[in-house]
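Participant: Sequence and predicted structure, then a few things I'm wondering about:
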Amino acid sequence: MQTKDDLRAGIEFGFIDDSVEASGRYQPALLTNQGGDTILDHLTDELHTTKGFTFAVAFVTEGGLIDIKSTLNDLAQKGIRGRLITSNYLDFNQPKVFKELLKLPNVDVRIINENGFHTKAYSFNHGDYTSVIIGSANLTQTALKKNFEWNLRVTSTGADVKIMDRFFRHRKVPLPRKIFKTRISAKMA
């Protein structure tokens, strides 16, 4: 029950009365890459304490992967798995990025083949609570470290996990290795 009390205090601090004492972990926060505080810092902090994660982002770049790859490898060593949902929207994601995603042993990667998929959400399961970062930042180096982005980090007891699970189960296309090789060859030619 301590987690629920901490969440209530965080909500009260964030939305009702900022004089209430509340742990920063449970307070809602606007993340913007301003003042030396980056979205990447928050993603890696969440990843260091997560038991599982789901990222749903329209765009992924090699630079964005480089920034979190060592953290994802550390999680793989601990047996912690995650999911990444991305797209082929506007053909932004390059074949090299898809190839790099397939190398992540602990990340189940899916591609949504729908025009207009422009989601940017990062969900972290911490056991008795979940943190979610939702906003404008794709998994690109500039979005995670430089661009003026607007992302809201909120914490809950799990309703958002059910939403992300449902989204992952019902709107997915696995990243196909065989078809993928054909597409890479065609795109690189």
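Facilitator: Right, received. Where do you want to start? Numbering: from 1, shown residues only.
Participant: where along the protein do the strands fall?
Facilitator: Ranges of strands within the chain are 29-31, 52-57, 82-87, 107-112, 120-125, 130-135, 151-156, based on DSSP state E.
Participant: tell me the mean pLDDT for the shortest one?
Facilitator: Per-residue pLDDT values over strand 29-31 give a mean of 85.
Participant: same check, this time on the fourth one
Facilitator: Strand 107-112 shows a mean pLDDT of 83.
Participant: can you state the direction angle for it and strand 82-87?
Facilitator: Inter-element angle recorded for strand 107-112 and strand 82-87: 20 degrees (by axes from the mean of the first three to the mean of the last three CA atoms, to 10 degrees).
Participant: Including distance to Asp45 and mean neighbour count, could the strands of the chain go into JSON lines?
Facilitator: Heads up, the C-betas are built off the backbone N, CA and C, glycines and all. Rendered in JSON lines, the data for those read as follows (distance: least, CB to CB, whole Å; neighbours: other CB atoms under 10 Å):
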{"stretch": "strand 29-31", "distance to Asp45": "11", "mean neighbour count": "17"}
{"stretch": "strand 52-57", "distance to Asp45": "12", "mean neighbour count": "22"}
{"stretch": "strand 82-87", "distance to Asp45": "15", "mean neighbour count": "23"}
{"stretch": "strand 107-112", "distance to Asp45": "19", "mean neighbour count": "18"}
{"stretch": "strand 120-125", "distance to Asp45": "9", "mean neighbour count": "22"}
{"stretch": "strand 130-135", "distance to Asp45": "9", "mean neighbour count": "21"}
{"stretch": "strand 151-156", "distance to Asp45": "10", "mean neighbour count": "19"}
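Participant: Looking at the ones you listed, spot the one closest to Ile11.
Facilitator: When the strands of the chain are compared by CB to CB, strand 151-156 sits nearest Ile11, at 8.6 Å.
Participant: who's in contact with the closest one?
Facilitator: Contacts to strand 151-156, defined as CB atoms under 8 Å, 6 or more residues apart in numbering, come from residues 7, 10, 25-32, 39, 42, 120, 129-137, 160.
Participant: Now tabulate the strands of the chain in a markdown table and tack on distance to Gly64.
Facilitator: Formatted as a markdown table, those follow (distance: least, CB to CB, whole Å):
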| stretch | distance to Gly64 |
| --- | --- |
| strand 29-31 | 15 |
| strand 52-57 | 8 |
| strand 82-87 | 11 |
| strand 107-112 | 13 |
| strand 120-125 | 12 |
| strand 130-135 | 14 |
| strand 151-156 | 14 |
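Participant: Between the ones you listed, which one is closest to Asn73.
Facilitator: Nearest to Asn73 among these is strand 107-112; the distance by CB to CB comes to 10.3 Å.
Participant: elements contacting that closest one?
Facilitator: With contacts taken as 3 or more CB pairs under 8 Å, 6 or more residues apart in numbering; DSSP states H and E, strand 107-112 sits against strand 82-87, helix 95-102.
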